[in-house]
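**Student:** Curious how this folds, go ahead:
(one chain, ligands or ions: 1)
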Amino acid sequence: MANNGSILVAGAAGQLGAVGRTVTGLLLDRGLPVRAMVRREDDRAAALRAHGAEVVIGDLLEPADVYRVVSGCRRVYFGMSVSAAYLEATVTMAAVAREIGVDALVNMSQMTVSQMSIQNTTPSHQQRQHWLSEQALAWSGLPVVTIRPTMFLETFFPLAGPTVRDRGSIELPFGRGKTSPVAAADVARVVAAVLADPGPHVGRIYELTGPRSQDMHGVAREFSDARHREVTYSDISPADWERELKRAALPEHLTRHLVTMGELHRAGRYDRLTDGVERVTGRPAISVREFVSLHADEFGGRRL
Ligand SMILES: NC(=O)c1ccc[n+]([C@@H]2O[C@H](COP(=O)([O-])OP(=O)(O)OC[C@H]3O[C@@H](n4cnc5c(N)ncnc54)[C@H](OP(=O)(O)O)[C@@H]3O)[C@@H](O)[C@H]2O)c1
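**Tutor:** The predicted model follows:
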């Protein structure tokens, strides 16, 4: 296939953060050609096509699929939902990108990797795989740009949405730990800016947070302001939370990742603050309050 200069966006359908889906829209809005990779033909694929993307179907764990979808593209966004085979997918993408030759590979990682080393890992295999993925991409010699966001604000949809709607409380085991969650839409703005003009970014690592690091009582106050109704924070025990996650029958890989995220919050490891979003895009990251206002329905509030 000839190099048509398209930008390949993996994981473009979107499940939780939907960074790939937002990136696709932002690049199309800039007039850039996008090949959006999805797993299956569904409404999300149709919406991407209607927006102007070339939609291709494939599995990031199938080397032949990855070769087919990357062929002809010069830039790649690599991200997929939290899954047990994340490292295999990253290395498959790296092998393909080396074979084909690309100008830039933008790799979704996690802020926690900044504090990890051989001697200091975490119990989350997702976080370990991001750490290993970054290592493998560094060895690959590819022109990589690394995106390390902290927790997405969208994580509050499943983790806080039901209790905020039902009883006006956020119930999480984060203790007094501070956190600075970032909107996936802001992460997507960074990724899109990099993909549109990767030259100045190649080799860089962007750590991305929201605009404020505060404990969960502070987060709850921003929820209250946005909802015009009181929301409180209730610190639940890590053991209770783990039991609840297990009852929800999530994949073991995801449960372990969420339990670790809770523990690291409690230990103050999410107390980070960066201006990465503003530095790359020229616009600051949105706050918890702005995010909750934008998604009032999901949190049982009303837009005034
Ligand atoms: N959530 C957070 O707080 C947070 C914070 C920092 C970093 N991150 C990182 O962000 C990434 C997730 O980004 P996101 O939330 O934007 O993704 P997402 O919306 O959860 O999903 C991305 C897409 O990946 C697709 N996918 C999964 N396995 C695939 C496979 N084998 N082949 C092809 N496609 C596949 C899914 O397709 P289907 O929908 O069809 O299944 C999904 O639509 C992860 O690397 C995570 O570690 C997340």
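**Student:** What helix or strand is the closest residue to residue 110 other than its chain neighbours located in?
**Tutor:** Nearest residue to residue 110 in three dimensions, chain neighbours excluded: residue 130, at 4.9 Å (Cβ to Cβ, 6 or more residues apart in numbering). C-beta: built from backbone N, CA, C; applies to glycine. Per DSSP states H and E, residue 130 falls inside helix 125-140.
**Student:** Starting from that helix, tell me the next helix or strand along the chain.
**Tutor:** Next in sequence after helix 125-140, counting helices and strands by DSSP H and E, comes strand 144-149.
**Student:** Based on its surroundings, how many neighbours for the closest residue to residue 185 other than its chain neighbours?
**Tutor:** Spatial nearest neighbour of residue 185, chain neighbours left out: residue 22 (5.6 Å); criterion: Cβ to Cβ, 6+ apart. Residues near residue 22, counting by other Cβ atoms under 10 Å, number 22.
**Student:** close enough to count as contact, residue 22 and residue 184?
**Tutor:** Yes. Counting by Cβ atoms under 8 Å, residue 22 touches residue 184, with 6.9 Å between them.
**Student:** any idea whether the residue nearest to residue 185 is helix, strand or coil?
**Tutor:** Of the three states, residue 22 takes helix according to DSSP: H, G, I helix; E, B strand; the rest coil.
**Student:** Close to the ligand: what parts of the stretch 201-304 of the chain are there?
**Tutor:** For the stretch 201-304 of the chain, no residue is in contact with the ligand (Cβ under 6 Å from any ligand atom).
**Student:** what ranges do the strands span in the stretch 201-304 of the chain?
**Tutor:** All strands of the stretch 201-304 of the chain, identified by DSSP state E, counting those that start in this stretch, fall at 205-208, 214-215, 232-235.
**Student:** Let me have these in a markdown table, adding mean pLDDT, distance to residue 295 and mean neighbour count as columns.
**Tutor:** A markdown table is the format used below for those (pLDDT from 0 to 100; distance: least, Cβ to Cβ, whole Å; neighbours: other Cβ atoms under 10 Å):
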| stretch | mean pLDDT | distance to residue 295 | mean neighbour count |
| --- | --- | --- | --- |
| strand 205-208 | 98 | 19 | 22 |
| strand 214-215 | 98 | 19 | 18 |
| strand 232-235 | 98 | 18 | 16 |
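**Student:** May I see those strands arranged in JSON lines, with distance to residue 54 as well?
**Tutor:** Below are those laid out as JSON lines (distance: least, Cβ to Cβ, whole Å):
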{"stretch": "strand 205-208", "distance to residue 54": "27"}
{"stretch": "strand 214-215", "distance to residue 54": "42"}
{"stretch": "strand 232-235", "distance to residue 54": "45"}
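**Student:** re the thing from before, helices or strands up against the helix holding residue 130?
**Tutor:** Applying 3 or more Cβ pairs under 8 Å, 6 or more residues apart in numbering; DSSP states H and E, one finds that helix 125-140 contacts helix 86-100, strand 104-108, strand 144-149, helix 252-266.
**Student:** Taking helix 252-266 as reference, get the angle to that helix.
**Tutor:** 90 degrees (axes from the mean of the first three to the mean of the last three Cα atoms, to 10 degrees).
**Student:** Helix 125-140 vs strand 144-149, what angle?
**Tutor:** Going by the same axes, to 10 degrees, helix 125-140 is angled at 160 degrees with respect to strand 144-149.
**Student:** Appreciated, that's everything.
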